[in-house]
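K.L.:
curious how this folds, go ahead:
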Amino acid sequence: MTSAKSGSSASFSIPDDEIEYTAIRAQGAGGQNVNKVSSAIHLRFDINASSLPEIIKQRLLELRDRRINSEGVIIIKAQQFRTQDKNRVDALERLHELIKLAAVVQKVRRPTKPGKNAKKKRVDNKTQRGKTKVLRGRVSVSE
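P.N.:
Reported below is the predicted structural model:
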């Protein structure tokens, strides 16, 4: 059973049977090791069938993340390391990070307006700047 903690209060655990691992061959350079050994890991996690709280499931499904497909399955491909175990741990950490992201509650933004003093200061600065610019104008010689 893997556990995840988010923010400051909520903590939850994901049973190991909800996560499906598949070993595949990694891509890219690496020579004989990459060509022969299935060291990369495909992690699949079905959000809808999981035991996560409903609010976290909903937030996960609303995320605009390319790792979440249209059926609500998170697919993470880990191929950074040479060993299958390290890639499995890496994929699991990335899954936890994604779930933590969904578990954090965003603060509600309250729109504010500038106060009277701020408005007065802005207008005063504007008029002062205008006066300065007028003084830069052409000087007329009148005798």
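K.L.:
drop to CA atoms for contacts and neighbour counts, all remaining ones
P.N.:
OK.
K.L.:
so for the residue nearest the centre of the chain, what's the pLDDT?
P.N.:
Central residue of the chain (Cα atoms, centre = their mean): residue 101, 6.2 Å from the mean position. Here the pLDDT value assigned to residue 101 is 85.
K.L.:
how about residue 8?
P.N.:
pLDDT recorded at residue 8 is 39.
K.L.:
same deal with residue 3?
P.N.:
Looking at residue 3, its pLDDT reads 59.
K.L.:
shaky segments in the protein?
P.N.:
Within the chain, the stretches with pLDDT under 70 are 1-11, 143.
K.L.:
wait, isn't residue 39 in contact with residue 22?
P.N.:
No: contact between residue 39 and residue 22 fails when scored by Cα atoms under 8 Å: they sit 9.8 Å apart.
K.L.:
higher neighbour count, these two?
P.N.:
Comparing residue 39 with residue 22 by other Cα atoms under 10 Å, the one with more neighbours is residue 39, at 24 against 13.
K.L.:
identify the residue nearest that one in space, chain neighbours excluded?
P.N.:
residue 84 (4.4 Å; Cα to Cα, 6 or more residues apart in numbering).
K.L.:
so the one you found touches residue 37, yeah?
P.N.:
No: with contact defined as Cα under 8 Å, residue 84 and residue 37 do not form a contacting pair (9.2 Å).
K.L.:
which one's more surrounded, the two?
P.N.:
More neighbours surround residue 84 than the other of residue 84 and residue 37, with 19 against 15 (other Cα under 10 Å).
K.L.:
from residue 98, how far out is that one?
P.N.:
21 Å (Cα to Cα, to the nearest Å).
K.L.:
that concludes my questions; thank you for your assistance.
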